[in-house]
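# would you be able to build a 3D model of this:
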Amino acid sequence: MAAGRKRDAAATRSAILASARRAFARSGYDGAGVREIAEGAGVTAMMVNRYFGSKERLFAAVIADVMAGPSILTPENLDAADLAARMAAILVDITKAGDTPLDGFLIMLYSASSERAADIGREEIERHYHRTLTAALPGDLAAERAGVLLAIVAGMQVMRQMIGLPALAGADPEVLRKLLEPVFAQLLSKPFQHKD
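The predicted structure follows:
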């Protein structure tokens, strides 16, 4: 443990989570090491294992922590009559070209090639985002519509922010909002009727 740091379990756990979040966002699950995470938190690798048991469990805790504070699927937004407009505005705002992508997105993107990390990510996305959004959608095919909405959010992050597709990265934000809002409105619409 770093000199000067008092023994405070909550502070130590928080420091490890913060260091792990940075490491996983920078290098993904496979690229981040427990020793690197420990060093970033000012503790030993043994302390990381004492608090979290394994790198896998630490990764799950980081993902759960990141997803506990959603940008779009807040209770206020989900209860709002203008959810489609809010989703479009927030998505355009959080994917500004040149801005650093959100940690949760980077962690999932850089960790997707790891089968176990992808499993953990899928479970946490399901628990924190997909179920919440599905429950908020009236009409048929709520789960599928929620999945498509989440895919659009992820796709915008990849194409606008990571890849920097000029048509998106250089677009007028108001134009993007106007394009996204009716797409979101259709998927959120009440009632959505599925016909075979």
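# quick check on the closest residue to residue 142 other than its chain neighbours: phi, psi?
Excluding the flanking residues, the one nearest residue 142 by C-beta to C-beta, 6 or more residues apart in numbering is residue 134, at 4.8 Å. C-betas here are computed from N, CA, C, even on glycine. When read as degrees, to the nearest 10, the backbone of residue 134 gives phi -60, psi -40.
# what is the burial count for residue 134?
Applying other C-beta atoms under 10 Å, we find 17 other residues in the vicinity of residue 134.
# and it, what does it touch?
Counting by C-beta atoms under 8 Å, 6 or more residues apart in numbering, residue 134 touches 142-143, 146.
# now do residue 28
Residue 28 sits next to 107, 109-114, 117 when contact means C-beta under 8 Å, 6+ apart.
# report the buried members of those residues.
Buried members of these, counted by 16 or more other C-beta atoms under 10 Å: 107, 109-111, 114, 117.
# mind listing which of the residues you listed are in helices?
Per DSSP state H, helices hold the following members of those: 107, 109-111, 117.
# looking at the protein, which helix or strand does the model trust least?
The weakest-scoring helix or strand in the chain, judged by mean pLDDT, DSSP states H and E, is helix 103-111 (a mean of 89).
# now do that helix: which elements does it pack against?
On a contact count with 3 or more C-beta pairs under 8 Å, 6 or more residues apart in numbering; DSSP states H and E, helix 103-111 meets helix 9-31, helix 55-67, helix 115-125.
# show residues contacting it.
Outside helix 103-111, the residues that reach it (C-beta under 8 Å, 6+ apart) are 21-22, 24-31, 59, 62-63, 66-67, 101, 117-118, 121, 125, 154, 157-158, 162.
# whichever of those end up buried, select them in PyMOL.
Buried members of the contacts of helix 103-111, defined by 16+ other C-beta under 10 Å, are picked up in PyMOL with:
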select buried, resi 21+22+24+25+27+28+29+59+62+63+66+67+101+117+121+125+157
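# neighbours of residue 140, just the number please.
12.
# would you list the phi and psi of it?
Per-residue torsions, residue 140: phi -80, psi 160 (degrees, to the nearest 10).
# tell me the confidence at it?
On the pLDDT scale, residue 140 is placed at 90.
# would you mind measuring from it to residue 127?
Here residue 140 is placed at a distance of 23 Å from residue 127 (C-beta to C-beta, to the nearest Å).
# and for residue 89?
Counting by C-beta to C-beta, the gap from residue 89 to residue 127 is 26 Å.
# looking at the two, which one has more neighbours?
A count of neighbours by other C-beta under 10 Å puts residue 89 above the other of residue 89 and residue 127, at 18 against 13.
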